[in-house]
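K.L.:
output the structure for:
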Amino acid sequence: MRYATVAADYNLPPPEPTPPAIFSVPQKGGGYAYYQSPPGVAPGLGDNWPNPSIAHPNPLGVASITIGRPIPKGSTLIGHGDVAKGSITPLPGAGGNIPGLDASLGSDMGMESPGGRLLGVVAFAVAGYVLVKKFF
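P.N.:
Numbers count the residues shown, from 1 in each chain. The predicted model follows:
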């Protein structure tokens, strides 16, 4: 019996890029911001996105605001809405890591840096001290 040792090349067309995928980024004040990935980033037909992997910080598990699928680099904002579409990302600034997206872009409610919050707390404390000294 003889076995083939060479094969003829087939002239198959190159695979088409997958269509863009939609990602929903939770907003701090409610609702979602929708981002669209570039074509060819989504897994092929019959394939799945990889499962998100986050370490469990306690015996209860992972908070729902910190788990989700990362947004691919190059994704663009396409709108806002009340209902999630496509894959859901972590809430920006809540410990979720969203590569390619600045945490401040996830919310139109003014999510600020920890340094900005500290400045606000200090300003509030100084104003309270001045009011107490003035009236008491």
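
K.L.:
pLDDT weak spots in the protein?
P.N.:
Within the chain, the stretches with pLDDT under 70 are 1, 53-57, 93-131, 136.

K.L.:
quick one: the strands in it?
P.N.:
Using DSSP state E, the strands of the chain run over residues 22-26, 32-36, 76-81, 87-88.

K.L.:
okay, these in JSON lines with mean neighbour count and distance to Pro70 next?
P.N.:
Glycine gets a C-beta too; all of them are placed from N, C-alpha and C. Formatted as JSON lines, the strands of the chain follow (neighbours: other C-beta atoms under 10 Å; distance: least, C-beta to C-beta, whole Å):
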{"stretch": "strand 22-26", "mean neighbour count": "23", "distance to Pro70": "9"}
{"stretch": "strand 32-36", "mean neighbour count": "22", "distance to Pro70": "11"}
{"stretch": "strand 76-81", "mean neighbour count": "12", "distance to Pro70": "16"}
{"stretch": "strand 87-88", "mean neighbour count": "18", "distance to Pro70": "9"}
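
K.L.:
so can I have JSON lines of the ones you listed showing distance to Gly61?
P.N.:
Formatted as JSON lines, the strands of the chain follow (distance: least, C-beta to C-beta, whole Å):
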{"stretch": "strand 22-26", "distance to Gly61": "18"}
{"stretch": "strand 32-36", "distance to Gly61": "23"}
{"stretch": "strand 76-81", "distance to Gly61": "28"}
{"stretch": "strand 87-88", "distance to Gly61": "17"}
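
K.L.:
so which of these is nearest Lys133?
P.N.:
strand 22-26 (42.3 Å; C-beta to C-beta).

K.L.:
show me what that closest one packs onto, helices and strands only.
P.N.:
strand 32-36, strand 87-88 (3 or more C-beta pairs under 8 Å, 6 or more residues apart in numbering; DSSP states H and E).
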